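Participant: sequence unknown, structure follows:
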């Protein structure tokens, strides 16, 4: 019944415009990879991208490098951290707030200047030192999630930098995978002006910017002198084109105007494949979910109601509705991931058990639970939110939960999430449909589950409070051996699944459409993807 909303996209596809801008449709040199992004604008090019993970994916790890990067070379396992601009890192055995990074020798920025510890210190000042001449508030805002625990830094020698955190945090290396390094020399060259730097960016990454047209395109060329010979791009050029409309992206792929598109809609997939192109998918660290409220008056303060809500959802039916481009969720984390653990509460479609649990809590179809969720009709990572939420609404009704929606645009929803369930504007709201990532332990598990000393505006929207979850969060942040840390995180995940902390629905399979001429792309189990191995047939 809800598939009609998706099928409407297929009829509209034939009429969808492709690249409406004359400049966007201009002829491009051969051996150019043309990418249709979901973003409405080119992400920041100065060093610290905006637009979340998509910005990091397209102007972060392409033009720039972090100290620690993701290994994106495999599709058969969750991406793991690897050395990048730092050859190695370690934490001080006596003061576990102090991290030492030994930098890779011989790395140069695109402008030819040397990358060293002074450049790292300069970039940390760009994000953290408001008195530094290079401090840039827009980049600082984008990097705040990753550098917020940094207290100080010190250059020990030209190839060694020491960073001290405010609190002991074994998760810190994950944060460093999202901090990128701009050239101090180029900033001086353009008159210490970040706007001019944006037009002529200089990083250390595998691509160098040749031409930047805001809101229209970013043209890059291969960095033939890139320090990592294995990641020198196998194509000569790359063009990034903002294309926020899904049907426009598909039309551009089918007409041969782009080679690579993000997030094609489910009902476009058969047409893409029928035209001889590829659609690639893989599990990746993303969950389509509803954060639940635990504030006074919320029905989800009752564990039986939370578990019943999770058992009421027909996930196989939803996967079918989405054209197979999803995986039924059994928790926050995908099965097979090192953090999944072994929850005793098995999330499945079991409406009879859901009704039994609701009856124990005093509810039934005649006396339903009454609840209200905040939802948006679209948004990054939100898949097909209205048909999906309507299916949940019907599933809930079948077992004795009456669900009402407050619908708003994506930016407004994100603002309401940041304000927390206790905020006056969220009074009477018992859930919020904000899809979530788990690429690192902080965003995926520790932030949502930690309630001790809660601060509004964090990842714990619903004010979840659980002493055992808090204990495991603290233990994870103090466990520095990676395998031991994974085991703690697996126990934490098992615990919050058993406690039905959220309503977990499906994992997006991260579809991408690739032109038939695209070869050698490996879709990693990550929000980041490495475009450099791609080759293009004539």
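Facilitator: The structure has been received and is ready for your questions. None of these values were measured; they are calculated from a predicted model.
Participant: please enumerate the strands of the stretch 51-200 of the chain.
Facilitator: Taking DSSP state E, counting those that start in this stretch as the criterion, the stretch 51-200 of the chain contains strands spanning 68-71, 80-83, 86-91, 98-103, 150-157, 160-165.
Participant: now render those as TSV, adding mean pLDDT.
Facilitator: Formatted as TSV, the strands of the stretch 51-200 of the chain follow (pLDDT from 0 to 100):
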stretch	mean pLDDT
strand 68-71	98
strand 80-83	96
strand 86-91	98
strand 98-103	98
strand 150-157	98
strand 160-165	98
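Participant: what's the closest of those strands to residue 325?
Facilitator: Distance to residue 325, taken as CB to CB, is lowest for strand 68-71 among the strands of the stretch 51-200 of the chain, at 22.8 Å. For the C-beta atoms, the positions are set from N, CA and C on the backbone; glycine is no exception.
Participant: listing partners with orientation, what would you give for that closest one?
Facilitator: The strands that strand 68-71 pairs with in its sheet are strand 80-83 (antiparallel) (by DSSP bridges).
Participant: next up, phi/psi of the nearest residue to residue 434 once chain neighbours are set aside, please.
Facilitator: The shortest distance from residue 434 to any non-neighbouring residue, by CB to CB, 6 or more residues apart in numbering, is to residue 417 (5.0 Å). With angles defined as degrees, to the nearest 10, residue 417 sits at phi -70, psi -40.
Participant: so residue 417 touches residue 462, yeah?
Facilitator: No: under the criterion of CB atoms under 8 Å, residue 417 is not in contact with residue 462, lying 10.0 Å apart.
Participant: so what sits against both of these two?
Facilitator: residue 291 (CB atoms under 8 Å, 6 or more residues apart in numbering).
Participant: tell me the pLDDT at residue 453?
Facilitator: Listed pLDDT for residue 453 reads 74.
Participant: how close does it sit to residue 252?
Facilitator: Computed with CB to CB, to the nearest Å, the distance linking residue 453 and residue 252 is 49 Å.
Participant: try residue 88
Facilitator: Distance, residue 88 to residue 252, using CB to CB: 43 Å.
Participant: so which of these two has more stuff around it?
Facilitator: Taking neighbours as other CB atoms under 10 Å, residue 88 and residue 252 compare with residue 252 leading, 26 against 11.
Participant: are we agreed that that one is in a strand?
Facilitator: No: using DSSP: H, G, I helix; E, B strand; the rest coil, the assignment for residue 252 is helix, not a strand.
Participant: how many residues are close by residue 190?
Facilitator: 16.
Participant: quick check, it in contact with residue 200.
Facilitator: Yes: counting by CB under 8 Å, residue 200 is a contact partner of residue 190 at 6.2 Å.
Participant: skipping its backbone neighbours, what lies nearest residue 113 in space?
Facilitator: Nearest to residue 113 is residue 185, by CB to CB, 6+ apart, at 3.7 Å.
Participant: what of residue 48?
Facilitator: Computed as CB to CB, 6+ apart, the closest residue to residue 48 that is not its neighbour in sequence is residue 139, at 3.9 Å.
Participant: buried stuff in the longest helix belonging to the chain?
Facilitator: Using DSSP state H, we find that the single longest helix of the chain is helix 482-498. For helix 482-498, burial by neighbour count (16 or more other CB atoms under 10 Å) applies to 485-498.
Participant: can I get the residues you listed in CSV with distance to residue 241 and pLDDT?
Facilitator: Formatted as CSV, the buried residues of helix 482-498 follow (distance: CB to CB, whole Å; pLDDT from 0 to 100):
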residue, distance to residue 241, pLDDT
485, 40, 97
486, 39, 96
487, 44, 98
488, 43, 98
489, 38, 98
490, 41, 98
491, 44, 98
492, 41, 98
493, 38, 98
494, 43, 98
495, 44, 98
496, 40, 98
497, 40, 98
498, 45, 98
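Participant: how about the residues you listed in a markdown table, adding distance to residue 258?
Facilitator: Converted to a markdown table, those look like this (distance: CB to CB, whole Å):
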| residue | distance to residue 258 |
| --- | --- |
| 485 | 40 |
| 486 | 38 |
| 487 | 43 |
| 488 | 43 |
| 489 | 38 |
| 490 | 40 |
| 491 | 44 |
| 492 | 41 |
| 493 | 38 |
| 494 | 43 |
| 495 | 44 |
| 496 | 40 |
| 497 | 40 |
| 498 | 45 |
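Participant: the residues you listed: which two are farthest apart?
Facilitator: The most widely separated members of the buried residues of helix 482-498, counting by CB to CB, are 485 and 498 (20.6 Å).
Participant: not counting whichever helix or strand residue 387 is part of itself, show me its contacts.
Facilitator: Using DSSP states H and E, residue 387 maps to helix 385-399. For helix 385-399, the external contacting residues (CB under 8 Å, 6+ apart) are 1-3, 5-6, 288, 308-309, 312-314, 317-318, 321-322, 351, 354-355, 358, 365, 368, 371, 373, 375-379, 402-403, 405, 407, 433, 505-506.
Participant: picking that back up, local confidence estimate at the residue nearest to residue 113?
Facilitator: At residue 185, pLDDT is 98.
Participant: so what's the residue count around it?
Facilitator: Neighbourhood size, residue 185 [other CB under 10 Å]: 14.
Participant: who touches it in this structure?
Facilitator: 109, 111-113, 202.
Participant: ok, residue 187 next?
Facilitator: Taking CB under 8 Å, 6+ apart, one finds 134, 194, 197 in contact with residue 187.
Participant: 6 Å instead, please
Facilitator: Counting by CB atoms under 6 Å, 6 or more residues apart in numbering, residue 187 makes contact with residue 197.
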